[in-house]
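Trainee: Provided below are the primary sequence and the corresponding predicted coordinates.
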Amino acid sequence: MSHRTVLTARQRAALFDLPTDEALLLHHYTLADDDIAHIRSRRRAENQMGFALQLCAFRYPGRLLRPGEIIPEAVSRFIAAQLGLQADDLIPYAARENTRYEHLHALRKIYGYRMFTGKWAKTMRVWLEQNAEAAHSSEGLVRGFIEECRDRQIILPSLSTIERLCADALVAAERRVEARIHARLDHRMRATLNALLDEEVEGRISRFVWLRQFEVGKNSADINRLLDRLEFLQGIDLGPDILVDIPPHRIARLRRQGERYFTSGLRDITSDRRFAILAVCALEWKTALADTIVETHDRIVGTIWREATRLSEAKVAEAQADIDATLAGFETLGTMLLLAKGDDVAIAGAVDASCGWGGLEKLVTNASQLRATVKADALTYIEKGYHRFKLYARRMLKALELSCGAALQPLLAATSLIGDGVAHAENSLSFLLPRSKWRKQFDHPDANRDRLWIVAVMAHLRDAFRSGDVWLVQSRRYADMKRALVPIEVARSMGLAIPLEPEAWIADRKCRLAAGMARLAEAVRTGTLPNGTVENGELRIDRLEADIPDETSELVLDLYRRMPEARITDILMEVDHATGFTDAFTHLRTGVPCADRIGLLNVILAEGLNLGLSKMAAATSTHDYLQLSRLSRWHVESEALARALAMVVEAQARLPMAQFWGGGITASSDGQFFPTARQGEAMNLINAKYGSEPGLKAYTHVSDQYAPFATQVIPVTVSEAPYILDGLLMNEAGRKVKEQYADTGGFTDLVFAATSLLGYTFIPRIRDLPSKRLHVFEPKAVPDELKGLTGDRIREATIIANWSDILRATATMLAGRIPPSQFLKKLSARPRQNDLALALREIGRVERTLFIIEWALDMDMQRRANIGLNKGEAHHALKGALRIGRQGEIRDRTTEGQHYRIAGLNLLTAIIVFWNTRELAKSAAARKQEGLDCPPNLLAHISPLGWAHIVLTGEYRWRISTNQAA
């Protein structure tokens, strides 16, 4: 049977080669006393070494030694040292071939090892059949197979056999999944799904391609186009039970295939697979469209509020001349009245002399009108949003399947009235809070109550979606948050970083707060507060100046001067050779790593430099646009980019030079603005902070070793704070972090609470620190020196009452069932009476108080935070230099395309950081050879973010012939 290749050479070596790493040798090849006794029963030294070596190979990696295999010197030395022998004693082993077989038989008899034959081979084939559906990748299944064989003491067959068995099992699992979905479709469903490929929309594209073309919009036309697609999919009437017992990653893979196939390609594949893809896409897109409609509605409501605010401000600006004239009239009148003070006749004359009684009456009328204009807020003009809502509100509310808790039933009833077309001003206002400003607006004599009622319902529905008080029955982003929370029994068994009982947590925090307040009070009383003062009830901390030795600049210049000038293409190839990051880009369907390494590197470079595939095809001689497009479509996706980034980051962390900068246990995060095009399906927003042009923000986490280990694309108008924990929990590098630094935009009480509950130390830079209060459990116990700094008392009863939900929320974020950003945004949007949000805010106040105390007393903490934040900000300059294509503007039309562009840029940055780290070490070594000093305290200030020595522009040539590239 032919060899089915599912692994790269690097992956094969990692799974099958004898270990040479000291940690692996200690773990797997340390011999026990009984092992040594069995080994010493062999008479000659070479047989003892050979017997021991075969025993170790059986244990790890779990295979037979190959005839003529070269044994790594580290292995033979390690085994020999335990036996009191020499590594060279192994050389004459197995001069008689029978000796090796005799030892093999003895080892099997003594230790119970079994050959991969007969019933044991059948047993492992059954294991593969049972586990192939759950396997996320070919490598994962091979690794699981090998580990299972080790556990069962089954000696591994040849690697080619393992690859063939695993490949066959994966193909069989894929076919079973496809057949299972196909069998659940009746004749009508199949005919309807098949028609998606035959029917054309507007004579341009197939219905199937039309359905998958959707993005978040900005206006009623966009939302109606989304509703066209959602209503069409609802008409197909596929039930979610079709995907029952299908692993989620299988569903995601089938959906991604459907989003990459052209219509003609889908027609050419087997019916089982075609119908499985069509059914999965129809169900998944229906869910995604509902989420997209809600988000588009959110943006429309935001637009209406902004327009109402602008109108309110414009009315005030228009009235400015009348305000000035009215004030001037009253000023003249007042002056004349003051001059005539005490003389009734003169007072009457003063009125006549200034404006006259008629003029005074007019002034009073104008003042009343102007007061109403100035007093009016955006809510006064919000009714104008009705003209937008009337174009889609009824249709949207009939299409979406909404649900809510008891408290929001009046709002849901109001939405039902709009959906049924019976919305009138006489409908109930019970969905409004008793003191809501909306109620006053309904009492305004000029208000159109019918229109205002619809606007109020739609605006409150947006807020309820944001907070999670209203949810979609089938949704990912807007699902019922309570159902998504981990059960309390599971949460208690997860080994969380916090006590399982609230009393233990409260007792600990009381003790820490009391000790911290005493230390702070002592420093204030004795005037020993470092770098800060307490005056007039305000704590002020001066910003630290940079503490960099003067000799650092000279060392930086010398080290970079010694680094070779390199083309970016050469850097990519060298880093891939060192890390194997291209192995992460497996085929979307088969799971096989990409064989066209040069083509893949072209695609990655096109993304990282913001060139796009067409420009890259013109700048390289190895691939044309169609070849690059095929590679991008089937190999480059979010998960692959994340895996490749993790491989580069992990490899960079192991480099000796990186150890001078940190241990990978601290990190900083910051957002970077990127301008975008105004046109396109992906709606880009404007934030006045960055000018009048639309854009997006890349929120990136950078380790203390300068590695950008996580990045997210977020709207430019949102707060950065909720996204801090996403980057920490999305990969292993983030989970190793102990201290997280953030700029002032990343600070909220909810973030303080969440980071503490998840075991991170959160150290933000707080711009308005003097306005922040210290919160304590017992205000009476606060030292006199700090009385002016204290705020509200911590409500420990609220924390205790909600502790089980706090544990569930923590476990849910830790398990990845809800992204922390989504969870925190929902909590922050909830009404103030929400118990869980209030409890987390109380915890956040405690943690923020502890932080402020330590920040004031610990200058080393302040310095660490500044260094960490500076490392993150330094990345912005390198990324700005790499973004050479399209004048630095992100012009991708879709959100997915923008994500790939930012993720590609981050991966390219990590690759350059790795290469610079390695080359800086070589420069330092060369400097030492010349007798020049490289003190560790100076190397700690060297940054691997330079790019002047890297050739980024021109023709992208690769050190390989054209025929080898394809």
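Mentor: Cool, got the structure.

Trainee: the stretch 251-400 of the chain: strands as residue ranges?
Mentor: Counting by DSSP state E, counting those that start in this stretch, the stretch 251-400 of the chain has no strands to list.

Trainee: remind me which residues of it are low pLDDT?
Mentor: 316, 319, 322-324, 326-328, 330-361, 363-364, 366-376 (pLDDT under 70).

Trainee: repeat that for 90
Mentor: 306, 308-383 (pLDDT under 90).

Trainee: excluding chain neighbours, what is closest to K826?
Mentor: Using CB to CB, 6 or more residues apart in numbering and skipping residues adjacent in sequence, the residue nearest K826 is G468, 4.1 Å away. From N, CA and C alone the C-beta is placed, and that goes for glycine too.

Trainee: please save the CA atoms from stretch 222-237 in CSV.
Mentor: What follows is the C-alpha trace of stretch 222-237 in CSV, where atoms were taken according to Å, rounded to 0.1, in the frame of the first residue of the first chain:
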residue,chain,number,x,y,z
ASP,A,222,-27.5,46.9,4.8
ILE,A,223,-29.7,45.3,7.4
ASN,A,224,-32.4,44.6,4.8
ARG,A,225,-29.9,42.8,2.7
LEU,A,226,-28.9,40.7,5.7
LEU,A,227,-32.6,40.0,6.3
ASP,A,228,-33.0,38.9,2.7
ARG,A,229,-30.4,36.2,3.4
LEU,A,230,-31.7,35.2,6.8
GLU,A,231,-35.3,34.9,5.6
PHE,A,232,-34.2,32.8,2.7
LEU,A,233,-32.3,30.4,5.0
GLN,A,234,-35.2,30.2,7.4
GLY,A,235,-37.4,29.2,4.5
ILE,A,236,-35.1,26.1,3.9
ASP,A,237,-36.3,24.9,7.3
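
Trainee: max-length helix in the chain?
Mentor: In the chain, ranked by residue count with DSSP state H as the criterion, the top helix is helix 271-318.

Trainee: pull the distance from that helix to the chain's centre.
Mentor: 21 Å (CA atoms, centre = their mean, to the nearest Å).

Trainee: OK, contacts around the residue nearest to K826?
Mentor: Contact analysis of G468 by CB atoms under 8 Å, 6 or more residues apart in numbering lists Y478, D480, M481, K826, A829, R830.

Trainee: quick one: the helices in the stretch 701-850 of the chain?
Mentor: Counting by DSSP state H, counting those that start in this stretch, the stretch 701-850 of the chain has helices at residues 724-729, 732-735, 749-757, 796-801, 803-815, 820-829, 835-857.

Trainee: relative to L233, which of those is closest?
Mentor: Put simply, out of the helices of the stretch 701-850 of the chain the one that sits nearest L233 is helix 820-829, at 24.0 Å, with distance taken as CB to CB.

Trainee: which strands and helices sit next to that closest one?
Mentor: In terms of contacts (3 or more CB pairs under 8 Å, 6 or more residues apart in numbering; DSSP states H and E), helix 820-829 is packed against helix 449-467, helix 724-729, helix 749-757, helix 803-815, helix 835-857.

Trainee: quick one, helices of the stretch 101-250 of the chain?
Mentor: Using DSSP H, counting those that start in this stretch, the helices assigned to the stretch 101-250 of the chain run over residues 118-131, 138-151, 159-183, 187-198, 207-211, 220-236, 248-258.

Trainee: as a markdown table, the ones you listed with mean neighbour count would be great.
Mentor: Written out in a markdown table, the entries for these read as follows (neighbours: other CB atoms under 10 Å):
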| stretch | mean neighbour count |
| --- | --- |
| helix 118-131 | 14 |
| helix 138-151 | 19 |
| helix 159-183 | 19 |
| helix 187-198 | 15 |
| helix 207-211 | 20 |
| helix 220-236 | 18 |
| helix 248-258 | 19 |
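
Trainee: would you list those in TSV and tack on distance to R77?
Mentor: As requested, these are arranged in TSV below (distance: least, CB to CB, whole Å):
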stretch	distance to R77
helix 118-131	34
helix 138-151	24
helix 159-183	26
helix 187-198	63
helix 207-211	62
helix 220-236	65
helix 248-258	43
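
Trainee: roughly how far apart are G112 and Q153?
Mentor: 6 Å (CB to CB, to the nearest Å).

Trainee: great, nothing more from me.
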